[in-house]
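# Just to be clear, the model below is a prediction. Sequence and coordinates:
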Amino acid sequence: MKYFKNINRNRIDLLWQLIKTNFQMRYYNSVLGILWVLIKPYSTFIVQYVVWSHFAGSNIPKYALYLLMGVIIYTYFNELIVFGQLGLLDKAHIILKVNFPRQIAIVSSLSNALVNLMINMFFVFIIAALSGDDVSIQGIVYIIFLAILVFVFALGVSFFLSIITVRFRDFKNIIELGLFLLYWATPVFYVVDHSLTGKVADVVKANPLGIVINQFRAALDVYAQPDYKLMIVYFIACLLLCIAGWFYFQSHVKKIAEYF
Amino acid sequence: MKKKELAIKIENLSKTFFIAEDRKYSLKSLVAAWFRQGKTRRFKAVDNISMSFDHGDFIGIIGRNGSGKSTLLKIIAGIYDPDKGSILEVKGSIVPFIELGVGFNPDLTGRENIYLNGTILGMTTKFLTEKFAEIVSFAELEEFIDTAVKHFSSGMMVRLAFSIAIQANADIYIFDEILAVGDEVFQQKSRKIIDKFIEAGKTIIFVTHDVNAVKKYCTKTLWLDHGKAMYYGDTETAVEMYSQSNREAISNS
């Protein structure tokens, strides 16, 4: 019994060590260090805010928060998928030498995106508070729930993608292209008016990522209303995807060891 | 003497690699390969090996480069899947030291690398904290433990890696060419540790092409050549046959 307890303890410790090392190394030797986590999304936000508040679309209340939430959640999603996809390849040097549960490699990669989100979100709360918008406890809890939902989705996707990418390196470029297209199909900076019709509007309205981003906004009482029921349905769907991914991963991960 | 218990059983174990003429890492080459089939070359790295080890055995595996030693080890360690029809039974936990210092990060300090490498090898943070002083003093790195590992000499690096690795508690240890680590003094210390492992009845699989090291330690030895088991049994015979074949190879070249 103690043996199994130690194994579980080791898995948590290993996960922690991998997350820590990855985070340390990403900004190692850079002068601004951890500030880079903030610089990317916030400079995107500032540029877009300057542009859009001058030209178009920004006539909804609290557009700044609308845009900021869009940029940060899209960045989170983008990082989750990119890190998760390379989760196995990045750890090839360890995977080919030691037999540890490979899922830890994937979860540790995704966790780095989660860490970045937490840092970014902290500043969102500060900005919201400074501009006089009270963030409710309920809103924060809802944001945490939504962040977990997106994480579970990305974990499920990564279980498939990381395996496929070891086998076919093209998938790195395919996913990059896909994420680029998804960006434009997601209401990050623009606003989809409910009265809009037509094929493009239908696609954007049906885009689940857009719907989830709007729920993040709703948590801050920006633009949309919370739809708890729908998000619970989403969560269950993501959980099922994740379970399916787990089994796919488990049955394929050893077979691809020779393709690293 | 304790009754011998089976540690590892291998039956008809094979591992075939499919080597594409152009590596099928991209969709383009995969599609291309569909049209001209049979372009992939099969390579049997391990060819139909059957053998068993008991707990407490010190097994040597010798053979020339490319004879399938490392592939066999990686299959035993659970890194590669063997071919269909192969039987592999492992009774007990394994720590594979296929390479020392797995996951060592040159930019991290010795201290940080102890925790990183130790957890990769299956230890807990708590355990490593308990053993920390012992690891550092065995590696003789007290002064440098908070220095980035990239400033270490290669000798210091392997000493640290070895000192972490020997803390791993398992039933079966796999050593790939790592018993000859460090200078004379360190090697003597390492020998004592290995002797302790033997006393404790651990099972050790030791891979090398150094026949002297095999003679020194191993109770039984497997000689591999081109993926096939040429001989498995007492060390003297295995080493003699292996050396004989090497002499022939040299005189024929």
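Looks like it arrived, so ask away. Numbering: from 1, shown residues only, chains lettered A, B, ... in the order given.

# Buried residues in the helix or strand hosting A:Phe145, which are they?
In this structure, A:Phe145 is located in helix A:137-167 according to DSSP states H and E. Within helix A:137-167, the residues scored as buried using 16 or more other C-beta atoms under 10 Å in any protein chain shown are A:139, A:142-143, A:146-147, A:149-166. In short, each C-beta sits where N, CA and C put it, glycine included.

# show me where the chain has helices.
Chain wasn't specified; assuming chain A. A:2-26, A:35-55, A:63-85, A:92-95, A:103-130, A:137-167, A:170-184, A:199-206, A:208-219, A:228-252 (DSSP state H).

# switch to chain B, that's the one I care about
Under DSSP H, chain B gives helices at B:27-35, B:69-76, B:110-120, B:125-139, B:154-165, B:184-199, B:211-217, B:235-252.

# At the contact with chain A, which residues of chain B appear?
B:17, B:24-28, B:30, B:74, B:77-81, B:94, B:96, B:98-99, B:102-103, B:105, B:107-108, B:112, B:115-116, B:119-127 (C-beta under 8 Å from any C-beta of the partner chain).

# Give me the buried entries from those.
B:24-25, B:74, B:77-81, B:94, B:96, B:98-99, B:102-103, B:105, B:108, B:112, B:115-116, B:119-125, B:127.

# gap between the spatially most central residue of chain A and chain B?
Closest to where the C-alpha atoms of chain A average out (C-alpha atoms, centre = their mean) is A:Phe77, at 2.8 Å. From A:Phe77 across to chain B, the span is 25 Å (C-beta to the nearest C-beta, to the nearest Å).

# what does A:Phe249 give?
In terms of C-beta to the nearest C-beta, A:Phe249 sits 14 Å off from chain B.

# What ranges in chain B fall below the confidence cut-off?
B:1-3, B:20-26, B:28-40, B:178-181 (pLDDT under 70).

# give me every residue that touches A:Phe171.
By C-beta atoms under 8 Å, 6 or more residues apart in numbering or on different chains, the contact list for A:Phe171 reads A:Gln85, A:Leu161, A:Ile164, A:Thr165.

# Enumerate every residue touching the residue nearest in space to the middle of chain B.
Nearest to the geometric centre of chain B sits B:Asp176, at 3.2 Å (C-alpha atoms, centre = their mean). Shown in contact with B:Asp176 (C-beta under 8 Å, 6+ apart): B:Lys69, B:Ser70, B:Leu73, B:Pro96, B:Phe97, B:Ile98, B:Glu99, B:Val207.

# What distance do you get for the last one to B:Val214?
In other words, B:Val207. 10 Å (C-beta to C-beta, to the nearest Å).

# who touches both of the two?
Contacts common to B:Val207 and B:Val214, judged by C-beta under 8 Å, 6+ apart, are B:Gly60, B:Ile62.

# excluding its backbone neighbours, what's nearest A:Lys40?
A:Thr75 (6.9 Å; C-beta to C-beta, 6 or more residues apart in numbering or on different chains).

# State the number of residues packed around the one you found.
Using other C-beta atoms under 10 Å in any protein chain shown, the number of residues around A:Thr75 comes to 21.

# Kindly report the same for A:Gly33.
Neighbours of A:Gly33 under the rule other C-beta under 10 Å: 12.

# Could you do the one 3 residues further on as well?
Applying other C-beta under 10 Å, we find 13 other residues in the vicinity of A:Trp36.

# That one against A:Tyr27, yeah?
Yes. The criterion here is C-beta atoms under 8 Å, and A:Trp36 meets it with A:Tyr27 at 5.8 Å.

# got the contact list for B:Gly103?
Here B:Gly103 is in contact with A:His93, A:Ile94, A:Val98, B:Leu116, B:Asn117, B:Ile120 (C-beta under 8 Å, 6+ apart).

# can I get the residues you listed in JSON lines with distance to A:Asp202?
As requested, those are exported to JSON lines (distance: C-beta to C-beta, whole Å):
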{"residue": "A:His93", "distance to A:Asp202": "46"}
{"residue": "A:Ile94", "distance to A:Asp202": "46"}
{"residue": "A:Val98", "distance to A:Asp202": "50"}
{"residue": "B:Leu116", "distance to A:Asp202": "50"}
{"residue": "B:Asn117", "distance to A:Asp202": "53"}
{"residue": "B:Ile120", "distance to A:Asp202": "49"}
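
# any idea which of those residues is closest to A:Tyr49?
The shortest gap between A:Tyr49 and any of the contacts of B:Gly103 belongs to B:Leu116, at 40.8 Å (C-beta to C-beta).

# how about the nearest residue to that closest one, chain neighbours excluded?
A:Gln17 (5.0 Å).

# Quick one: residues contacting that neighbour.
B:Tyr115, B:Leu116, B:Thr119, B:Ile120, B:Thr125.

# Just flag the most distant two among these.
B:Ile120 and B:Thr125 (12.1 Å).

# Would you quantify the distance from A:Asp221 to A:Leu88?
Between A:Asp221 and A:Leu88 the computed distance is 40 Å (C-beta to C-beta).

# Who has more neighbours out of the two?
Using other C-beta under 10 Å, the more surrounded residue of A:Asp221 and A:Leu88 is A:Leu88, with 24 against 18.

# So for that one, what pLDDT did the model give?
Per-residue pLDDT puts A:Leu88 at 96.
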